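K.L.:
One predicted model, sequence on top.
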Amino acid sequence: MTKILNNNSKVTGHSGATSWMSEVWLPALREAGITHFAWVYSHEFFTQLEIDNTVDRTTGIAMRTFFLPEDARQWLLAH
């Protein structure tokens with residue numbers, strides 16, 4: 001497995017773990033061989049900001065954000 005579709009569309013609050021995600025979790029995924037990461041936004045605005053902040057701070061993995069799971073799936077299939 002080299003691709004992940006992370007669907008947060010049903011998330012109702014944010015975790016505040018932006019630093020941990022960008023400094024620990026995503027580098028561990030990169031080291032495990034993940035090359036592409038599609039992240040579906042929550043409908044909750046502050047969660048969207050948290051996701052954007054995490055994506056902006058992450059390197060070494062092709063990452064994109066989406067509002068619809070099907071769009072995220074299509075992007076992963078194309079790469």
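P.N.:
Yes, it's here.

K.L.:
lowest average confidence, helix or strand, in the chain?
P.N.:
Within the chain, judged by mean pLDDT, DSSP states H and E, the helix or strand with the poorest mean is helix 18-20; its value is a mean of 84.

K.L.:
Show me what that helix is packed up against.
P.N.:
In terms of contacts (3 or more C-beta pairs under 8 Å, 6 or more residues apart in numbering; DSSP states H and E), helix 18-20 is packed against helix 45-56. C-beta coordinates here come from the backbone N, C-alpha and C atoms, glycine included.

K.L.:
And the helices in this protein, which stretches?
P.N.:
Taking DSSP state H as the test, the helices found in the chain are 18-20, 26-31, 45-56, 69-78.

K.L.:
what pLDDT does residue 4 get?
P.N.:
As predicted, residue 4 sits at a pLDDT of 97.

K.L.:
got it, and residue 22?
P.N.:
Predicted confidence (pLDDT) at residue 22: the value is 88.

K.L.:
now residue 29
P.N.:
Note for residue 29: predicted pLDDT of 96.

K.L.:
burial measure for the residue lying closest to residue 42 once chain neighbours are set aside, as a count.
P.N.:
For residue 42, ignoring the flanking residues on the chain, the nearest one in space by C-beta to C-beta, 6 or more residues apart in numbering is residue 11 at 4.0 Å. Residue 11: 17 surrounding residues under other C-beta atoms under 10 Å.
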